[in-house]
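Q: predicted model and sequence below, questions to follow.
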Amino acid sequence: MKLAAAVIATLAPLALCVVGVAEAAPPEQCELPPSSLAGDADLGHVLNSVKTAHRIAITVIGSGSSGLTGPDGAHSAYPARLEDVLKAQLRGADVKVTAHVQSKETTAAMVAGLDKVLADDKPVLVIWQAGTVDALDGVEPDEFRDSLNEGVDKIQAAGADLILMNMQYSPRTESMFNVSTYADVMRAIAEQHGALLFDRLAIMRYWNDAGVFDLYAATKKYDMARRVHNCIGWALASQIINAAHLDATRTQTTE
Amino acid sequence: MDAIVKPLRGTLILRPAPMAAALPAPSERDLRLDLFRGVALWLIFLDHIPQNIVNWFTIRNYGFSDATEIFIFISGYTAAFVYGRAMRERGIIIASARVLRRAWQIYVAHIFLFTIFMAEIAYVAATFENPLYAEEMNILNFLKQPDVTIFQALLLKFKPVNMDVLPLYIVLLLLFPPMLWLLLRQPALALAGSALVYVLAWNFDWNLPAYPNGVWFFNPFAWQLLFVFGAWCALGGAQRLAGVLRSRIVLGIAVAYLLFAFAITLTWYVEPLARFVPGWLSAWMYPIDKTNLDVLRFAHFLALAAVTVRFVPRDWPALRSPYLAPAIRCGQHSLEIFCLGVFLAFAGQFIISEWSGGPLIQVVISLIGILIMIATANLISWYKRMEGRGATKPVKPPDADLAGGDA
């Protein structure tokens, strides 16, 4: 059984390479709630960069929940998973995902370091995961909003597209701190600035309710955490490909 | 002293009320207040269980304001009704003493709830571990310094989620005696002063500090407006507004605004509809701030109240029907039932999460919770009847039942 799984795991990417279209079917365990990746915003800079330079430079800025600890944590966390999926799906394009993950960092602290990150990475897309630490620390929602606004302005002024990612759904701690206020702020800001929202909160809640993942389970093991990050990476890649209209481009670059 | 009531001159007031109407006749209790407060308590209970399918029936999904507005308004109304009479009949000292005793009872209730919350946190800290939630588990850090945390909780600065209403209520009651004194003499001035504090709080970002940082979730400087407005209504304001409330134009505006709020709320839940909200409107409208009682929320409550008062008259026969009695009973023992609701929400959420309850379990738990609230309200009524009957002489103030249990 294990052997078979290993063989399939090894061969699956190979099969994709042979086929070349790289139409990655969603991993079975990553079923998403309907229209969860929808959004009005287009990722114009991403499309442009793929068309003209055949490359995508993505920067992920986030707090602890954008990373994983433990053996091989960095490679199991969603930024690395995203990079792998995009590389597989956009063959011929140079995909690079740089993660700036700092646990316990509030949004205000992230904004303080933003100029340097933007100058160093020169991303065409920033995925900004925020809100968890602010909710934990009880940062004033107004302050949180101001920090987000400032950061979004900086990112858009730097000529990058933006996906805002909200917090994880955490059923065990749900009654202990208030995430919904901060999630509402993020939704409103994404709308006002024409940025995309990756609604991690809703997606993970759906996973828990639908029994895709038992997010209530207590465990010291990393299995489920890795699978969750894998799915988030895949879902992000799908959102990027949809919103940048890369489906059309993909065939061109691979031809 | 009752004679110095001046009619408020303003656009809202169509005709000055006669002097006698400025203070309510010591008539019997308005059961509508108990009914809607009872319903509000049920809704607060339901809203406090996250991921509960029954939540879809609570009013916060259909407009800007929610059960908190109803609760605070009616609390202001009943506080003025009960303690206003006490202040007129027995003087400022006695009335103030009773208000402060009430604030103390609420404080004790709040600390009791906090203890339950601590038990839950400690349980989770001891049993739950998952690398996926390494960051979220930082919420448990305060267990590492219980000295600070418990002290901050006693100071009402540390308030776990969903435990913000009682501290607000405590502060509102602490400041109520002078406000009541003024309301009895210069109601218009008192209401104007309250509105001024509200405006100043918005302009200068007044709020009370919270622990570990931030500010109170329900800003007392803002929410006092609703409480004082409720008190003002109880002390004759309602009669003064009667003319306004009878106007068809006002009804039309209220209904139109409720429909508008409903349409906007719909766009929060049905994502594709959001594109129909013009940019200038969302730029002007958002954020709709609950902490500072956004004007849009306040207006939504007023519209809701205007429509309700019109279609549910004071002598509505159904108020005497056995079907509404459970809600009325709950509304009559609001402090106990509120605390019970917070506890039941903790417990209900625990059960739903622990056994990953589907929609059916959620409905069952919601129903059981409300049934427990009703049963407890009946039990409290029984206690009070029993104790009342046992008393040898009617020394108790005429409204002790109302004052002690309800303001």
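A: Great, that's in hand.
Q: hmm, the longest helix anywhere in chain A touching chain B?
A: When chain A is parsed with DSSP state H, its longest helix is helix A:223-243. Yes. Shown here: helix A:223-243 in contact with chain B (Cβ under 8 Å from any Cβ of the partner chain) through A:224, A:225, A:228. (Glycine included, C-beta is placed from N, CA and C.)
Q: and the residues you listed, which is closest to residue B:35?
A: Of all the residues of helix A:223-243 next to chain B, residue B:35 sits closest to residue A:228, with 46.1 Å by Cβ to Cβ.
Q: pretty sure that closest one is touching residue A:212, no?
A: No. With contacts counted by Cβ atoms under 8 Å, residue A:228 stays clear of residue A:212, the gap being 9.3 Å.
Q: those two: which is more packed in?
A: residue A:228 (24 against 19; other Cβ atoms under 10 Å in any protein chain shown).
Q: how close does whichever residue of the stretch 1-150 of chain A sits closest to chain B sit to residue B:237?
A: Closest approach of the stretch 1-150 of chain A to chain B (Cβ to the nearest Cβ) occurs at residue A:64, with a separation of 3.3 Å. To residue B:237, residue A:64 is 52 Å away according to Cβ to Cβ, to the nearest Å.
Q: right, and chain A sits closest to which residue of the stretch 1-150 of chain B?
A: residue B:135 (3.3 Å).
Q: in the stretch 151-255 of chain A, which segments are predicted with low confidence?
A: For the stretch 151-255 of chain A, applying pLDDT under 70 flags the ranges A:248-255.
Q: and the residue of it closest to chain B?
A: Closest point on the stretch 151-255 of chain A to chain B, by Cβ to the nearest Cβ, is residue A:225, at 3.9 Å.
Q: and the stretch 51-200 of chain A, which of its residues are near chain B?
A: Near chain B, when you scan the stretch 51-200 of chain A using Cβ under 8 Å from any Cβ, you find A:63-65, A:68-70, A:103-104, A:132-133, A:136-142, A:145, A:168, A:170-178, A:181, A:184-185, A:188, A:191-192.
Q: apply 7 Å and report the result again.
A: Listed as neighbours of chain B in the stretch 51-200 of chain A under the rule Cβ under 7 Å from any Cβ of the partner chain: A:63-65, A:68-70, A:103, A:132, A:136-141, A:145, A:168, A:170-178, A:185, A:188, A:191-192.
Q: who in the stretch 201-350 of chain B is up against chain A?
A: Contacts of the stretch 201-350 of chain B with chain A, taken as Cβ under 7 Å from any Cβ, map to B:210, B:212-215, B:271, B:274-275, B:282-283, B:286-287, B:291, B:346, B:349.
Q: and if we set it to 6 Å?
A: B:213, B:214, B:215, B:275, B:286, B:349 (Cβ under 6 Å from any Cβ of the partner chain).
Q: and the residues you listed, which are buried?
A: When these are checked for burial by 16 or more other Cβ atoms under 10 Å in any protein chain shown, the buried set is B:214, B:215, B:286, B:349.
Q: and those residues, which is closest to chain A?
A: Nearest to chain A among these: residue B:214, at 3.9 Å, using Cβ to the nearest Cβ.
Q: apart from its neighbours in sequence, what residue is nearest the closest one?
A: Sequence neighbours aside, residue A:138 is the residue nearest to residue B:214 in space, at 3.9 Å (criterion: Cβ to Cβ, 6 or more residues apart in numbering or on different chains).
Q: over to residue B:283?
A: Going by Cβ to Cβ, 6+ apart, residue B:283 has residue A:192 as its nearest residue, at 6.8 Å.
Q: how about the residue of the stretch 1-150 of chain B closest to chain A, what does it touch?
A: Contacts for residue B:135 (Cβ atoms under 6 Å, 6 or more residues apart in numbering or on different chains) come out as A:64, A:65, A:132.
Q: if we go to 8 Å?
A: A:63, A:64, A:65, A:103, A:104, A:132, A:133, A:136 (Cβ atoms under 8 Å, 6 or more residues apart in numbering or on different chains).
Q: the nearest residue to it once chain neighbours are set aside - how many residues pack around it?
A: Leaving out its chain neighbours, the residue that sits closest to residue B:135 by Cβ to Cβ, 6+ apart is residue A:64, at 3.3 Å. For residue A:64, the neighbour count with other Cβ under 10 Å is 23.
Q: show me what contacts residue A:64?
A: Residue A:64 neighbours (Cβ under 8 Å, 6+ apart): A:101, A:103, A:104, A:132, A:133, B:134, B:135.
Q: of the residues you listed - the most surrounded one?
A: Scoring those on neighbours with other Cβ under 10 Å, the highest-scoring entry is residue A:132 at 30 neighbours.
Q: what does the stretch 1-150 of chain B put close to chain A?
A: Residues of the stretch 1-150 of chain B lying near chain A (Cβ under 8 Å from any Cβ): B:50-51, B:120-121, B:124, B:127-139.
Q: from those residues, which land in helices?
A: Under the assignment DSSP H, the residues of the stretch 1-150 of chain B next to chain A contribute B:120, B:121, B:124, B:127 to helices.
Q: was I right to think the second one contacts residue B:140?
A: Which is residue B:121. Yes. Applying Cβ under 8 Å, one finds residue B:121 in contact with residue B:140, separated by 6.4 Å.
Q: which of the helices or strands spans residue B:301?
A: Using DSSP states H and E, residue B:301 sits in helix B:295-311.
Q: phi and psi next, for residue B:215.
A: In terms of degrees, to the nearest 10, the main-chain angles of residue B:215 are phi -130, psi 180.
Q: meant to ask about residue A:97, not that
A: Backbone phi and psi, for residue A:97 under degrees, to the nearest 10, turn out to be phi -110, psi 120.
Q: do you know the pLDDT at it?
A: On pLDDT, residue A:97 comes in at 96.
Q: now do residue A:10
A: As predicted, residue A:10 sits at a pLDDT of 45.
Q: ok, now the one 5 residues further on?
A: What the model reports as pLDDT for residue A:15 is 40.
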